[in-house]
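Q: Give me the fold of what follows.
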Amino acid sequence: MLTSREIRQAFLDHFAQRGHAIVPSAPMVVKDDPTLMFTNAGMNQFKDLFLGNRPVTEPRIADTQKCLRVSGKHNDLEEVGIDTYHHTMFEMLGNWSFGDYFKQEAIQWAWELLVDTYKIDPASIYVTYFGGDATDKLEADNETRDLWLKYLPAERVLPFSKKDNFWEMGDTGPCGPCTEIHVDVRSAGEKAKTPGKDLVNNDHPQVIEIWNNVFMQYERKADTSLHPLPAKHVDTGMGFERLCMVLQGKTSNYDTDVFQPLIRTLAQTCGKVYGKEEKGDIAMRVIADHVRAIAFAIADGQLPSNTGAGYVIRRILRRAVRYGYSFLGLHEPFIHGLVPVLVGQMGEQFPELARQQELISSVILEEERSFLRTLELGTKRLEQLVAESGGTLEGAKAFELFDTFGFPIDLTQLMAREQGVEVDMKGFEKELKKQKDRSRAATAITTGDWTELKSGSTEFVGYDMLSTESRILRYRKVKDKAGDRYQLVLDRTPFYPEGGGQVGDLGWLKQGNAKVPVLDTRRENQLIVHFTAELPPDVSVPVVAEVDGHRRRLTRRNHTATHLLHHALRKVLGKHVEQKGSLVAPDRLRFDISHFAKVTDEELALVEAEVKDLIRADIPLEEYRDKPVKEAMAMGAMALFGEKYGDSVRVIKFGDSVELCGGNHVPRTGEIGSIRIVSEGALAAGIRRIEAITSEAAEHYVQERLDTLEELNVLLKHPADLPTAVKHLLEQNAVLTKELEKAALERVARLQATILDGAVEVNGARVVAQEVDLDANGMRDLAFRLKDANKDLLLVLGARQGEKALLAVLVGEELLAKGLTAPKIIKELASEIKGGGGGQPFYATAGGKNPDGIPAALKKVATLLG
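A: Purely as a prediction, here's the structure:
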C-alpha cells in the first residue's frame, strides 16, 4: 500500500516526466487579491496567467497546493467531521496548461496516472462531462465524451448540467466545461445492489469525485455573455486526501495515514477509542482536520484575530476546542500538543511548518487558554438564560451565546435540552441571517467589465521617478461601500501599489488643466490598479501620472526604517526574531516580530540607539533588481514566510541589513533623520508589536514634549529642579485628596444620622427626597448604609456637580416586593434634569445637564407613589 508521501510524489513525478515544471505551493493566506482571503483552489496562484495579466514563462506546471475552504461560495466548515470527506484545509494536486495542451492530453495523462501508476481498477471509475446549456447557448461537450469513450464504456461516461460540469472563476472571468473523475470504493455487495452511475454527484461517501479537469475556453462578461478566449487552458485539481482514501483501500479520508497519526494521538490524550462512539469520533475528526488549517495559516503569517482572515482562523480553532470540550472531556488546552505530530507528517513537503513549529504551538496554546475561559463564562451565561427561559430559550439569546461566546447552536440545544428547555431555532436563524446580510453589505463590490483601450502590460517606473507620461490601457467602474469609483490601468506608472506592508501611493492624473486625484493604488491579480472618483476628460489621450512626492518621501523613510529596525532587533534580541507583519505609512510604521517575552525598556533603548547609529552613518542604498533568488539568499537576504517569491527578486541592502523587498527606500539612511519607538506590546502569543515614527513625525513628537516641558516650567515659575517640583506637587495633592475623602465620609456619617428625620409616609413607604452636598460615590455610600435597616424606604438624593446634576434612587426590599423599582423611578425623574440613567432594581442613578431641575425632580417623587 502506498503511503501518502509516496502518492504525492508519484503525482509530481508523473507530470514532471511529461514536461511540467514542478512549483511550490503558494501561501494559503492570500495577500494581493481583494476577492479572496484564502487560497481555495489550486488555480488561485495562476489566476493572473488565465486573465492575461502576467506573461506565461512555463506553459506546463504541476504542484500540490495547500487550500482552505471555510467561507463564501466554497464553505465546507459545517460538513467537516460530520461526513468523511469534507475538510477545511486540504491539498489540491494539480496540473496546468497555459495555451499548450488541451483536452486530449489532459484526459490521456489523467487515465495513465490513475490506472497505470496508481493501479485503480478501471471498473470503479466513472467520469462526467458537460451536457450543454440552453441559457448560454452551449452545446454538449461531445469532444470530451468521445475522448473518454476510448477508455470507458458509455454507461460510465455521464453527462451533467452546468451546475456540476461548467466551472467559473467568479461572476466574470475565464470559465469552461469540465470533466470530473469519480471512483466507486463500495464493497462488491453494495455495487451489486445499486449501480455506481446512479450515485455519481449524489453526495455518496463512497462514490466520490477525486479529480476535476477544467477546460478554460470562454470568458464570462459582466452582462453574462460568453466570449471565446484567445488561448485555451487546462486547470485540474485532485483532492489529495480523497485520493489517499481510494489508494489505501479505506472508506473514509480520516482512516488514511494523512489523519490517523493525529487521531491516535488525540485518542490517547482523551482516553477514548476512535470508532466506538459517533459523537466522539466526529469530535476527533473535527480536531484532526482543524489543527491542520490553523497550523498552516499561522505558518503563512495569519494570526487569529477578531477581523477578516484572522477571525476565520479563530473560528476554526474555537470550533475544535468546543468539540474537545463538549464531547471528549478535554477541559485543558490540548490542540497545541498535536502540532509536533503534524510537523512530523507534513514538515518535509511544507518546510514552513517545521520552521514555525514553536510559534504555531505557542499561538494555539494562548488561544486555547483564552477560549476555555470564555467557554466557562458562556456556560454560566447559558445556565442563567435557561433558568430565565420559561421553557423556551429565545432565538436572540441563543444567537448571543453563538456570537459572543462562540457557542455552536447544537451545543446550546444540547445543554438546554438537558434542562428540559427548547431553543427557538427560527429566531436564531433570523438573527444569523441578519448578521450575514450585514457582513455581505459591508463587503459587497459590484464590478463592471473592463473597457479595453490598448493592449499591453504596465511598466512600473516608481523606483526611479515620481512622474511620467502614460496612456490608459483599460478602465472599469466599481461600486462598494465607498460609492462609485473607477479603476484604471496604465501602460507606465510611478504609483506604488499597496504591498509588503507599504501603503499605496496617492497623487494625480493630469490632462491639460484637469487634475484627477488618485485615491489609492493596489495590486489586483498582478495589475497595478489606480482608484479615482472620476475619469480624465479624454481616456484616449495621454495623461501625466504624478505621485504625491512629499507623501512618498515620508513613506520611503519609514520603509527603510523598518529594515533597520528589523536588523537592530535581531542584533539586540537574537536571531530568532523574524518579521510577522508590518505597516509602512507616511506618518508611522508598525512592525510585528516573533519573540516570546516582552521587549524591556532597556532592550528598546538599545534597539533605538542602534537604528539611530545606522541613520547617522548615512549608509547608501545597494539595490539589486531581478536578482536570481538563489543568489539573493547567498547574499544573506531574509525571505518572509507567507510570501511567494518568483525566480528573480529585488534585494535591498543597507550595510549588514539585507532583505528581499519590492518597496520604496531612501537613497541614503541619513534622509530618515531620526526614529522614535513609541510603543511595544503583545499582539498574540509569541508575537510582539512595535510602533515607531521617523522624520517629520519624530520631530513633531519631540517638539510637542519640549513645548509641554516649557509650559510646566512657566506654570511652576521655572524651578531649579522640575522633576522634584512636580513630585512635591503630587505629594501635596495626595495629602489634600485624603483630607477631602475624610471630609466626605464625615458628611455621609452626619447625613446618615439625620436624613431619616425628614421622612414622610406615602402609601406605606417612607419617602426621603433631599438635595445633598455629596458626589456620586458619597450618594451611593449613604444609600447602601441605609439599605438593610430600612426595608420600607424610598430614598431620592439630588446633588450639583458644577454644571451637571446627579440623582440617585434607593428602593427598599418591601417596596421591591410590591413591584416598585429604582430604574422606573429614575426614568421619570431624569427628564427634569435633562438627562438619563439606569441601574439595578434596588438602586439607580441618573446624570443630566440641568442642575436647576433638581428641586422639581425631588418634588415629583411623591406623585409617583399615588
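Q: Now residue 311: which helix or strand?
A: helix 308-327 (DSSP states H and E).
Q: pLDDT of that helix, averaged?
A: For helix 308-327, mean pLDDT is 88.
Q: List the buried residues for that helix?
A: Neighbour counts over helix 308-327 (16 or more other C-beta atoms under 10 Å) mark 309-310, 312-327 as buried. C-beta coordinates here come from the backbone N, C-alpha and C atoms, glycine included.
Q: Also stretch 122-130?
A: Counting neighbours by 16+ other C-beta under 10 Å, the buried set in stretch 122-130 is 124-130.
Q: what residues does whatever helix or strand residue 816 lives in touch?
A: Using DSSP H and E, residue 816 sits within helix 813-817. With contact meaning C-beta atoms under 8 Å, 6 or more residues apart in numbering, helix 813-817 is reached by 765, 791-794, 841-842.
Q: what's the answer for stretch 384-400, then?
A: So stretch 384-400 is contacted by 381, 401, 409, 412, 415-416, 419-432, 435 (C-beta under 8 Å, 6+ apart).
Q: Take the residues you listed and keep only those in helices.
A: Taking DSSP state H, the ones among these that sit in helices are 381, 401, 409, 412, 415-416, 425-432, 435.
Q: Just the buried ones from those?
A: Buried, going by 16+ other C-beta under 10 Å: 381, 401, 409, 412, 415-416, 427-428, 431-432, out of the ones in helices among the contacts of stretch 384-400.
Q: returning to what we had before: between the ones in helices among the contacts of stretch 384-400, which is closest to residue 274?
A: Checking the ones in helices among the contacts of stretch 384-400 against residue 274 by C-beta to C-beta gives residue 415 as the nearest, at 24.9 Å.
Q: and the closest residue to residue 99 other than its chain neighbours, how far is that from residue 216?
A: Nearest in space to residue 99, with sequence neighbours left out and distances taken as C-beta to C-beta, 6 or more residues apart in numbering, is residue 231 at 3.6 Å. In this view, residue 231 and residue 216 are 9 Å apart by C-beta to C-beta, to the nearest Å.
Q: So the two - more neighbours on which side?
A: Using other C-beta atoms under 10 Å as the criterion, residue 231 and residue 216 rank with residue 216 on top: 26 against 15.
Q: thinking again about what came up before, name the member of the contacts of helix 813-817 with the most neighbours.
A: Top of these by neighbour count (other C-beta under 10 Å): residue 794, with 25 neighbours.
Q: Name all residues that make contact with residue 270.
A: 280, 324, 328-330, 334.
Q: what's downstream of the helix holding residue 311, the next helix or strand?
A: Assigned by DSSP H and E, the successor of helix 308-327 is helix 339-346.
Q: what's that next one packed up against?
A: helix 260-270, helix 278-299, helix 351-355, helix 357-388 (3 or more C-beta pairs under 8 Å, 6 or more residues apart in numbering; DSSP states H and E).
Q: In strands, which of the buried residues of stretch 122-130 fall?
A: Among the buried residues of stretch 122-130, the members falling in strands (DSSP state E) are 125-130.
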